[in-house]
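K.L.:
the sequence isn't on hand, but the structure is:
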């Protein structure tokens, strides 16, 4: 069963992690946790550090404890994020082979595998999970990245039967909802709004989610209000910037400043990469045409 | 029958036995006549005794207010009827006549009569205007004794049996006993008519309440004309329940209910139609004697052994819930309705809750869930029930809900999107339920919990009689607790950060974590509250709308003529529900609290705005500011010099204080000012005040301390002049002027002192002369030992020259703003300068970012490569793996034949193919920005798991569509934006003569329309219109730009220039813009003596009309040209010929001559330009074969 069930002492730290409050997770008082919960709590803290871009610190912290599979898996993720992709892949594959039943290994190894495009392997690793919601949400995400919203939806609905209340399932459902659209946009919006509004769950993650849902609903002024307020609070959050760029373009406003800001904060962001690629594509495609008479 | 929870006691008095009660028709007053001979007048709303009237001797049983006059009447066991004026607070007169106890007295509703009934077995009618008895009827006792058998007596019988006693002094029998209602076994204590129906209710010592019906009066018109009345009266039913004598009874004024009271210490309510007991209320010790109903409001009063209680049978607070711009509420008919605050419209009924709870009990609360569009309604009947109902999508009328989930609970609230909490006080248990009504969690609230409220997402508030606790449902943990007693309602602020706890007389504001922020007390009951968007709590009491800031500052906004329940505040409108559950809007003036709020937030700009735009004055604001320590701001409001002076002193603004003191010019003010100025060290002001006060001593000392010798000597002179020797002496000492001192001593005949002074200061000669004058020698005088001359301390610094450095008077930024307002020009200049600075900054910034970009460029290329590879990988995976599906972008391209949709999908090649086929597009570079813009707006980035790229979702213009085969992308800059923003920008460029910008703008418009979609055929037409407008402007502006580049030194150049200026007038511009072109052409032609052409342009201008100034010029030129209508320079322009302008060569294409057009813009060209790129939009090939631009696919909509 899920170790983060509603009654457990890990619930809050777990929810904080999944609602994107990484600093809170790191600052979380875990000394009073029972011994068997110490390790999962530590892993969450390390993962939060990775999320905040401190993968170097994480690598240093786990350097001497690679015998623990959970920490080794964390190392693999940190390596992946830090750009040491080959080592990460190697480690992840080893771990997945040796500790196929360790929940942390499943999730983190699969993350590394997926990040490097090994979808099938990732799914295989994850499919061994025993009621691990994190694994479920990762499976959902992989399906969505492969544009299989039908499979993602199935996965979510299966999970809802045994863990309806879980934050993770709610969020995963919203991911699918934002793909499916129609009424589901509104449902997804409510989930993110509830998160963004709740003082203990508000974070860039939830605000971006809320704003993205508003964008898809065509409610540009509301999305703008949410994003502007959030940008003031978290001026360097790449996803906030990226989505604000999208919003500005949608609303017919200039976005060049934000694009250069994104260029500074996260030059490898998908938005910039796409634009670069498409710009080149445009030039190639355009060069095929020319007027009969040049003037 | 249990004692009902619905009896709401509003007021209770303590006194001796109450025998009679009367409500005032309008004011919250009640008269109570007591067994102890006193009559009390209470304000039941405030709970205060207003007056006592004590002239009766013995018990007073009858009492009544006059419906309109300030009068009331009383009748007592002293046989007297007294009429009183409650304004003058005295008995006006006494009506004597009854021979036994007076039981009841009433004013006639219209006539100037008083009707009284007495134990002397008479009913009497009195005229209170001439204070006389009109009639008295004696027959009641006789009838009762004689006729015991028949239950009714017909009119005719009555006529026949006319009792002599009944005749008046003229022998007329104008009052007839119509029925004798027999049925009670023992004495009848009370009877009442139904307000509208032919019904009577009676209460008797046989412990029964009997209901009687009369069929009445004239039943048909014929009967009426004949004066025949078939009247009958009979007993309908009996209400059994009282187990002691029933003292009084009446009909409910609005509902089908009977109320009765008895000596069994109960008040009972009966259903008029079923004659069953509905509810009852029991007192422990006091027997009830009388009951009365308020003539208008839903209020009753009952008198008992130890006083009076005023009560309501049911709550009048309509259940309501607010979500964003919508109010959901339950009407008196138990219909659920909604009200839109934005549109101020009430919806038709959406649901009928007729079956919820018992028919006489209105629902208590409603909680709304926007995600599921469901409501939770609670009703207090049957120990508390709740129902979960889904609202229909559209309000179509009061339908019965179909899928209802219900259960037992007194409170039920939504706590999350898919969860609600219900509270059962009997089991002291809170259940968290999901939407299928099954319990997912059970919580044990703190002991004694009476109610629960929403406590923020995932939290609940538990209300106990003394505390409020915040509870996290998921953690099952109490997060916080605050001690507030008697909380009845909880109102959250719009941002969810604060919460107001309302109890009967207190409002406590707490944060979302239950930290107490402020609390306030009201003597009158607090009814409801709602939050302003700016965080001001607006609350209502029984008779006021008030506000409270977070810091507890509060005040009255307006009075209320009836009780209302606030639901929302927006700007100047307060939305509320009245007691009939009708939405109402009250206008309020929020100035005062906004002002105070901006004061607290130190938002001086807004304060300034408020001061400028509204009349915010008054003592209360001034004293508020003073109390809060803002005298300098209060100063701005005050005109009265005295108050201004006080305020100025308080805030240390000496300038104003001096000004005001001058105006007032009274010693008292000067002395206060001098003390203040001294404390400031502002000695110049001090000097002035001393001068004003003629305070010479202090003035001298001031000069001494500041070292102003000159003035000090002037002071000496003044002292001399005034003949004030003490002062002169003092000045002399201050100045160290021995001569003057000696002189002064001599003058006052103090020779010994003069001598001593002279001697001590070594002025031997002077000493000698004094001795001489006194006729003494030195030997005769014994002197104490002298220690040299007295030296007055000298100031080192010449302070007098200027004031001591004073701390700059406390000009708050607010004051500065106010001062700035005086010199508005300065402010503007400042603002301008500021803007310039900003521009500079921006420029610098822009430069920085540019630099950065350049710097990054080299490092960035590598990253770029990797990304592209990744993308390629991904695509490969997609295509090779059977498991992966195709992305939505691909589907867009599949779903649509429109170029814009292909662009959004990132399929630029196909988009270009389409454009090439449709409009012959060959040069795509100008469209690059547009392509990338559309592409950029096509997807959002939703962060998901750490370590993985964000989830990409595609932005659709078909937001409602779920079928993947029909979804389509959102294209930014729709036609409406282009028409309302871009086009206007182009026009503005034309007006302000920025033609280069204008050309760019209109070209951009063309590009934006070219790659776009529209949603109807009508919009296709509009798009075509925009294209042609943009074409004409680009053409016109290009012509004019070419002309401006020409040199006119050569005759050819001049000729071409004149021609181009003429062609500039040809394109179809807006009339106002065409006038500009004509004006330019006219002036140029006129200047070059081409009077004929100028005349033509002038005539066209005059024909177009428009600005008077332009027309005036045209008229003048026309007049001049008409004298000599010839052209000096021959130009290729025939104003009367039909022609178009070639967009490439800017020469005329006369009708009939061959030309080619551009497939997109429709611009015309001479034939030789065929195959080259269109000069207007720079995209398409002139004369290329094309199928026509497609912007719209009907099947998509």
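P.N.:
Right, received. Where do you want to start? Quantities reported herein were computed from a predicted structural model and do not represent experimental measurements.

K.L.:
what mean pLDDT does stretch B:503-518 get?
P.N.:
In this model, stretch B:503-518 has an average pLDDT of 90.

K.L.:
separation between the residue of the stretch 401-550 of chain B found nearest chain A and residue B:680?
P.N.:
For the stretch 401-550 of chain B and chain A, the shortest gap (CB to the nearest CB) falls at residue B:457, measuring 4.2 Å. Where C-beta positions appear, they are placed from N, C-alpha and C, glycine not excepted. To residue B:680, residue B:457 is 56 Å away according to CB to CB, to the nearest Å.

K.L.:
report the contact partners of the one residue in the stretch 951-1100 of chain B that gets nearest to chain A.
P.N.:
In the stretch 951-1100 of chain B, no residue comes nearer to chain A than residue B:962, which is 3.5 Å away by CB to the nearest CB. Residue B:962 makes contacts with A:180, A:181, A:182, A:183, A:184, as judged by CB atoms under 8 Å, 6 or more residues apart in numbering or on different chains.

K.L.:
enumerate every residue touching the nearest residue in space to it that is not next to it in sequence.
P.N.:
Computed as CB to CB, 6 or more residues apart in numbering or on different chains, the closest residue to residue B:962 that is not its neighbour in sequence is residue A:182, at 3.5 Å. Counting by CB under 8 Å, 6+ apart, residue A:182 touches B:959, B:960, B:961, B:962.

K.L.:
so the last one: helix, strand or coil?
P.N.:
If I follow you right, that is residue B:962. Assigned with DSSP: H, G, I helix; E, B strand; the rest coil, residue B:962 falls in the coil class.

K.L.:
over to the one 4 residues further on?
P.N.:
Under the three-state scheme (three-state DSSP), the conformation of residue B:966 reads as coil.

K.L.:
isn't it right next to residue B:957, touching?
P.N.:
No. With contact defined as CB atoms under 8 Å, residue B:966 does not count as touching residue B:957 (11.2 Å).

K.L.:
the stretch 101-250 of chain A: helices as residue ranges?
P.N.:
Using DSSP state H, counting those that start in this stretch, the helices of the stretch 101-250 of chain A run over A:103-115, A:119-126, A:133-145, A:149-162, A:167-180, A:183-197, A:204-216, A:220-233, A:238-250.

K.L.:
among the contacts of residue A:182, who's most crowded?
P.N.:
With neighbours taken as other CB atoms under 10 Å in any protein chain shown, the top of those is residue B:959, carrying 18 neighbours.

K.L.:
what sits closest to residue 208 if chain neighbours are left out?
P.N.:
Just going to use chain A. residue A:239 (5.0 Å).

K.L.:
was after chain B, sorry
P.N.:
Nearest residue to residue B:208, sequence neighbours excluded (CB to CB, 6+ apart): residue B:238, at 5.1 Å.

K.L.:
after the stretch of helix or strand that neighbour belongs to, next one along is what?
P.N.:
Using DSSP states H and E, residue B:238 sits within strand B:232-240. Downstream of strand B:232-240, the next assigned helix or strand under DSSP H and E is strand B:246-251.

K.L.:
now the helices of the stretch 101-250 of chain A as a markdown table including mean neighbour count and mean pLDDT?
P.N.:
Converted to a markdown table, those look like this (neighbours: other CB atoms under 10 Å in any protein chain shown; pLDDT from 0 to 100):
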| stretch | mean neighbour count | mean pLDDT |
| --- | --- | --- |
| helix A:103-115 | 27 | 88 |
| helix A:119-126 | 21 | 87 |
| helix A:133-145 | 25 | 89 |
| helix A:149-162 | 17 | 85 |
| helix A:167-180 | 24 | 88 |
| helix A:183-197 | 22 | 85 |
| helix A:204-216 | 28 | 87 |
| helix A:220-233 | 17 | 86 |
| helix A:238-250 | 25 | 89 |
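
K.L.:
so which of these comes closest to residue A:21?
P.N.:
Nearest of those to residue A:21, taken as CB to CB: helix A:204-216 at 8.1 Å.

K.L.:
tell me which strands and helices the closest one is in contact with?
P.N.:
helix A:167-180, helix A:183-197, helix A:220-233, helix A:238-250, strand B:939-942 (3 or more CB pairs under 8 Å, 6 or more residues apart in numbering or on different chains; DSSP states H and E).

K.L.:
wait, the residue nearest to residue B:208 touches residue B:260, no?
P.N.:
No. Under the criterion of CB under 8 Å, residue B:238 is not in contact with residue B:260, lying 11.7 Å apart.

K.L.:
tell me which of the two has more neighbours.
P.N.:
residue B:260 (28 against 14).

K.L.:
what secondary structure does that one sit in?
P.N.:
The three-state label given to residue B:260 by three-state DSSP is strand.

K.L.:
since that was my last question, I'll sign off now.
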